[in-house]
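Undergrad: Give me coordinates for this.
(chains A and B)
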Amino acid sequence: MRFKLTLAAILLLLILSSMVLAKGSSSYGNTNPVEENCEDKSVLAERLQCRLEKQSSTDIPEACLDLTIQDKCMDFYDAAAYCYDLPNKDKDTCFRKESGYGVDKTNTQAQRFYINALLYELEEYVEDDFDAGRLSAKEASVLIADIITMKRALLSGQPSSLIKGLLINYVAQRGIGN
Amino acid sequence: MIKLKLKLVPLIFILVAAALLVVGCTIQESPTGPTKVQPMPEPTAVEPVSEAAAEVIPEPVEESIILDSEEAVVEQLNKILS
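TA: Residues are numbered from 1 along each chain as shown, chains lettered A, B, ... in the order given. Purely as a prediction, here's the structure:
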């Protein structure tokens, strides 16, 4: 009798243990999916959409990523970051000052950094529209990807005529001035 | 009496085991139970404005324009890119 009771106890213990294990495994799989990493996405617009949806960002600005002047580009981003929080009337002066364009208009790199700052300002308008719900994450990411393409072309030393062509397309797509 | 006590030992063992399993199940199902640690968001590429930097208002430059709309920004870009 005693042996039977002990055997029954062990069996009950095994059955209940398997139930706990099954519950634990299934709840982990359903409630804690593997965290999606935006940086793993190979397409720029998809990375941007992912970051907009997750409210995350990247260490290296997309416009500077893997450029030969990546470090200088990042230095400019850091230096000019405060300009975007200034009143509208002071922003342009700030961009000129931090890019060096205000001091030397013949300096090509200074001019390109200044244009880059203006393009970032356009990006801010798109992000504001996304934050206000006027644009979806997908729509905003496509527009921001276009701006980043312009910035990368600019900072890679592409001719200004190419940037201007891209800007014309962007303005039409965004419906600016309509 | 001794026989009765010996018979009770496995019963007590079963009850204790069952109680421990119930507690285990409760912890697994509890929303405050073990959770996966969420990764911290990456730092933003744009640094926040320091108080010192915010106080520095750049000196006005003659050609500076007021960037108060997307149209104004585009107009300035067109001007520079021409």
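
Undergrad: for chain A, what spans make up the helices?
TA: Assigned by DSSP state H, the helices in chain A fall at A:2-31, A:44-54, A:70-80, A:88-99, A:108-131, A:137-155, A:160-174.

Undergrad: now the fifth one: how far from the chain's centre is it?
TA: The reference is to helix A:108-131. 14 Å (C-alpha atoms, centre = their mean, to the nearest Å).

Undergrad: list the helices and strands it packs on?
TA: In terms of contacts (3 or more C-beta pairs under 8 Å, 6 or more residues apart in numbering or on different chains; DSSP states H and E), helix A:108-131 is packed against helix A:70-80, helix A:88-99, helix A:137-155, helix A:160-174, helix B:70-81. For glycine as for every other residue, the C-beta is placed from the backbone atoms N, C-alpha and C.

Undergrad: Give the closest residue to residue 77 in space, chain neighbours not counted.
TA: The chain I'm using is chain A. A:Pro61 (5.3 Å; C-beta to C-beta, 6 or more residues apart in numbering or on different chains).

Undergrad: other chain: chain B
TA: In this structure, B:Leu77 finds its nearest non-sequential neighbour in A:Leu118, 5.3 Å apart by C-beta to C-beta, 6+ apart.

Undergrad: how near is that neighbour to B:Val22?
TA: Separation of A:Leu118 from B:Val22 (C-beta to C-beta, to the nearest Å): 66 Å.

Undergrad: more neighbours, these two?
TA: Between A:Leu118 and B:Val22, counting by other C-beta atoms under 10 Å in any protein chain shown, A:Leu118 is the more crowded of the two (20 against 11).

Undergrad: Wait, that one touches B:Ile80, no?
TA: Yes. Between A:Leu118 and B:Ile80 a contact is recorded at 7.5 Å, counting by C-beta atoms under 8 Å.

Undergrad: so how far is chain B from A:Val142?
TA: According to C-beta to the nearest C-beta, to the nearest Å, A:Val142 stands 16 Å off from chain B.

Undergrad: tally of neighbours for A:Gly157?
TA: Residues contacting A:Gly157 under the criterion other C-beta under 10 Å number 12.

Undergrad: give me the low-pLDDT residue ranges for chain B?
TA: Along chain B, the model assigns pLDDT under 70 to residues B:1-7, B:21, B:23-62.

Undergrad: And the residue of it that's closest to chain A?
TA: Nearest residue of chain B to chain A (C-beta to the nearest C-beta) works out as B:Pro10 at 3.8 Å.
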